[in-house]
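[1] pasting a predicted model and its sequence here:
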Amino acid sequence: MFNALTAKGKVILSLIIFMVILVVFTAGYFAWQKHADTEAKLQQAIVLTEKQAQDANVLQNKLDLSNQNAEMLSKFITQAQAGQVQPITHFTVQAPSVQVATEDVANRINAKDPTLPPAVLEKTDNTIVTPNTNKTPQAPYDVAVFKNNNYRNWEWSAGYGQHGGDRYIPVELRRNFSKDAAVSYEHHFLGKEKGYEVTYTRKTDKLFFIF
């Protein structure tokens, strides 16, 4: 009788784990799909005036940025337009006015025009195209393209794990303190043995000064 109940309990536990996994992956799929659609829309190049591109509030609303990311991007664009940051690349377009040139560059980026430099077509979180009044001697006017990857403070993950005969659901929460350092906590749910992990992550250019 005891063995029968134990076997039945194992079946019930397996069904519960299966249902949890199914719900997690289903919810994850729809969340990912919504996120992908939103990201694809945000990755479309948008045209801003020079003043708008320097305004953190405009960037936050137009690009759906956090206050921290908007402030960082605003500061960088202001420095770039003041000539304090050098461009990665230059390219020339033919247009009757700076406004037409700005729209043309944005449309060509969104169409993934292969004649544009690779750096301009690089996939990033946001692309901003703006006229630049800081003219160069080589051109009557400039159009600036800014490629932005947002900084994210928090990350989370969930999935399925198995250690020997123990099956569980790992859920991890990660706090990024900078682009190079983070602390994460992982907890195991629904397994026979409760478990957790705490890790510290550090990004380095070389491992043990070799690679």
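    Great, that's in hand. As the structure is a computational prediction, the values presented were derived from the model and not from experiment.

[2] contacts, neighbours, all on C-alpha from now
    Will do.

[3] Leu190 and Asn57: what is the separation?
    Computed as CA to CA, to the nearest Å, the Leu190 to Asn57 distance reads 44 Å.

[4] oh, that last question was meant for Lys75, not what I typed.
    12 Å.

[5] and for Thr26?
    On the measure of CA to CA, Thr26 and Asn57 end up 35 Å apart.

[6] can you check Glu155 too?
    According to CA to CA, Glu155 stands 25 Å off from Asn57.

[7] quick one, which of these two is more surrounded?
    Under the criterion of other CA atoms under 10 Å, the comparison of Glu155 against Asn57 puts Asn57 first, with 17 against 11.

[8] contacting residues for the more buried one?
    For Asn57, the contacting residues are Ala70, by CA atoms under 8 Å, 6 or more residues apart in numbering.

[9] that one - that's part of a strand, no?
    No: under the criterion used here (DSSP: H, G, I helix; E, B strand; the rest coil), Asn57 is helix, not part of a strand.

[10] distance between the ends of stretch 47-65?
    Where stretch 47-65 begins and where it ends lie 16 Å apart, using CA to CA.

[11] list the buried residues for that stretch?
    Neighbour-count burial for stretch 47-65, counted by 16 or more other CA atoms under 10 Å, picks out 47-48, 50, 53-60, 63, 65.

[12] most widely separated two among the residues you listed?
    For the buried residues of stretch 47-65, the farthest-apart pair by CA to CA is Glu50 and Leu65; their separation is 18.3 Å.

[13] before we move on, back to that, now flag whichever of the buried residues of stretch 47-65 is closest to Ala181.
    In terms of CA to CA, no member of the buried residues of stretch 47-65 lies closer to Ala181 than Leu65, at 21.6 Å.

[14] not counting its neighbours along the chain, what's nearest the closest one?
    Closest residue to Leu65 apart from its sequence neighbours, by CA to CA, 6 or more residues apart in numbering: Leu59 at 6.9 Å.

[15] contacting residues around that neighbour?
    52-53, 65, 70, 74.

[16] least confident pick among the residues you listed?
    Note: of the contacts of Leu59, the lowest pLDDT belongs to Leu65, at 81.

[17] could you look up the SS state of that residue?
    Following three-state DSSP, we place Leu65 in the coil state.

[18] what does it show for phi and psi?
    phi -100, psi 160 (degrees, to the nearest 10).

[19] any idea how far Glu71 is from it?
    Leu65 sits 9 Å away from Glu71 when distances are taken as CA to CA.

[20] mean confidence for stretch 113-122?
    The average pLDDT within stretch 113-122 is 88.

[21] in PDB, list the C-alpha atoms belonging to it.
    What follows is stretch 113-122, C-alpha atoms only, in PDB (Å, rounded to 0.1, in the frame of the first residue of the first chain):
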ATOM      1  CA  ASP A 113      20.500  49.000 -47.800                       C
ATOM      2  CA  PRO A 114      23.600  46.900 -48.400                       C
ATOM      3  CA  THR A 115      25.500  49.900 -49.800                       C
ATOM      4  CA  LEU A 116      25.600  51.500 -46.400                       C
ATOM      5  CA  PRO A 117      28.600  50.800 -44.100                       C
ATOM      6  CA  PRO A 118      28.200  47.700 -41.900                       C
ATOM      7  CA  ALA A 119      28.400  49.800 -38.700                       C
ATOM      8  CA  VAL A 120      25.300  51.700 -39.800                       C
ATOM      9  CA  LEU A 121      23.300  48.500 -40.300                       C
ATOM     10  CA  GLU A 122      24.400  46.800 -37.100                       C
END
